[in-house]
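# This is a predicted model, with the sequence first.
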Amino acid sequence: MTHGAAVVGRGAIAHVHSHAIRESPGVELVGVYDRDTVRARERTREHGASRVLGSWAEVLDGRNSVEIILAACRVAEDDLPVHLPL
């Protein structure tokens, strides 16, 4: 069984998370999300992700096969489409 993962953010820690996902058996990097879509596209190509995710709604949408979310950035609660208990 393969688990889908998404990386949120595009900084140095996102690079570390993306590399770890690539090296993990049974985990596929299905998407990258960042507010800066140009940088998100760069990270998607660089790390072999399936696609750029254009919003938090896409990250959380069950149709994108994302089961694991690695947030590599500070996220303002206002950015989330739903309230998540922290």
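Thanks, I have the structure now.
# Strands of this structure, start to end?
For the chain, the strands defined by DSSP state E occupy 3-8, 27-33, 51-53, 68-71.
# Now render those as a markdown table, adding distance to residue 60, mean pLDDT and mean neighbour count.
Just so you know, the C-beta spots here come from the backbone N, C-alpha and C atoms, and that holds for glycine as well. Shown next, in a markdown table, are the strands of the chain (distance: least, CB to CB, whole Å; pLDDT from 0 to 100; neighbours: other CB atoms under 10 Å):
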| stretch | distance to residue 60 | mean pLDDT | mean neighbour count |
| --- | --- | --- | --- |
| strand 3-8 | 9 | 87 | 22 |
| strand 27-33 | 10 | 90 | 23 |
| strand 51-53 | 9 | 91 | 20 |
| strand 68-71 | 8 | 73 | 16 |
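# Could you export the ones you listed as TSV, including distance to residue 61?
Formatted as TSV, these follow (distance: least, CB to CB, whole Å):
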stretch	distance to residue 61
strand 3-8	10
strand 27-33	10
strand 51-53	9
strand 68-71	12
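# lowest average confidence, helix or strand, in this protein?
strand 68-71 (a mean of 73; mean pLDDT, DSSP states H and E).
# Now for residue 39: which residues touch it?
residue 10 (CB atoms under 8 Å, 6 or more residues apart in numbering).
# related to what we said a few turns ago, direction included, what does the least confident helix or strand of the chain pair against?
strand 3-8 (parallel) (DSSP bridges).
# ok, residues contacting the partner strand?
Contacts to strand 3-8, defined as CB under 8 Å, 6+ apart, come from residues 14, 17-18, 21, 26-34, 43, 47, 49, 53, 59, 64-73, 75.
# now it against strand 27-33, angle please.
On the basis of axes from the mean of the first three to the mean of the last three CA atoms, to 10 degrees, strand 3-8 is oriented at 30 degrees to strand 27-33.
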